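S.K.: quick one, fold the following:
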Amino acid sequence: MKGFWGILLMLMISFNLSSQRAYENLPALIAHGAGGYDGEVYTNSVEALESSLQSGYVYVELDLSLTSDSCLVAVHDWQLFNDYTGFPELGSSVLTQAEFESRRLFSKYTPITYKTIVEYLEKYPDWVLVTDKLDDVSILDKIFSSYKDRIIVEAFSLDAFYSLIEHGFNAMLSSKESELQTLIGKSVESMIMGKAPIDFITIYYAADTEEIGRFQCLFPLNVAAYTVNEEDFVAEHLGKEFVLIYTDFLK
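M.R.: Just a heads-up that it's a prediction; the model follows:
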């Protein structure tokens, strides 16, 4: 028993020491894909980003990807971007930076490049950028080295999670409901091996909340849920099982 409580105490200490400014405002909602705007979702547009920040969101998520000439841009996926910008025949074709910047979502909304993201991080000093789709530390480090304490990255593998933590980024490990017990075991194992514990995961909102609650009684596990647009669910679970909830329209 002494060994168990020692491990638990070390996990809690590790979590407290690794927590950075990005987590100061929990619990909270995350505006998903820059937030719903004019009835549209996942636009990752300047207009949606501005609207979400003006509406009081602290956490706004952008989906990051690379153009064919390696420019970092905000796009949910290229199929959707081509559809939204009037070129469905291109399918999932990846555009160049110039092609991307020349497009307008729904003929009127402005797409976002990394330059706009940096501009808005300066313009809104309280904004915490949440991002997925891209967990390449070298790219993130090159562009956002001055803003690591204001960026949370959803990682899609253990290697990516550890690499993000080692480079000073806040990381959430993307998970599925069936992986919860495995993640806890790996967190203890990684801590014993001297690695950062897996203390933050993101998971589909319909996961077993009772099981999550049981784990949280023993381990300092923070959980983000995607994607919720029902006020009753948020009222029941935000600040309890889930410290962050992705949403399209709630605010």
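S.K.: quick check, V228 in contact with I245.
M.R.: Yes: counting by Cβ atoms under 8 Å, V228 touches I245, with 5.1 Å between them. C-beta here means a position set from N, CA and C on the backbone, and glycine is covered the same way.
S.K.: mutual contacts of the two, please.
M.R.: Contact with both V228 and I245 is made by residues 205, 234, according to Cβ atoms under 8 Å, 6 or more residues apart in numbering.
S.K.: ok, V75 - contacts?
M.R.: V75 touches 44, 63-65, 81, 100, 111, counting by Cβ under 8 Å, 6+ apart.
S.K.: quick one, grab the pLDDT at it.
M.R.: With respect to pLDDT, V75 scores 97.
S.K.: cool, the one 10 residues further on as well?
M.R.: Confidence at T85, expressed as pLDDT, is 98.
S.K.: torsion angles phi and psi at the residue lying closest to it once chain neighbours are set aside?
M.R.: Nearest residue to T85, sequence neighbours excluded (Cβ to Cβ, 6 or more residues apart in numbering): R103, at 4.0 Å. With angles defined as degrees, to the nearest 10, R103 sits at phi -80, psi 160.
S.K.: quick one: R103 from L49, how far?
M.R.: 16 Å (Cβ to Cβ, to the nearest Å).
S.K.: please apply the same query to S138.
M.R.: Applying Cβ to Cβ, the value for S138 to L49 is 25 Å.
S.K.: comparing these two, which residue is more hemmed in?
M.R.: The neighbour comparison of S138 against L49 (other Cβ atoms under 10 Å) goes to L49, with 28 against 9.
S.K.: ok, that one touching V60?
M.R.: Yes: contact criterion Cβ under 8 Å: L49 and V60 qualify, at 6.2 Å.
S.K.: common neighbours of the two, please.
M.R.: The contact lists of L49 and V60 share 34-35, where a contact means Cβ under 8 Å, 6+ apart.
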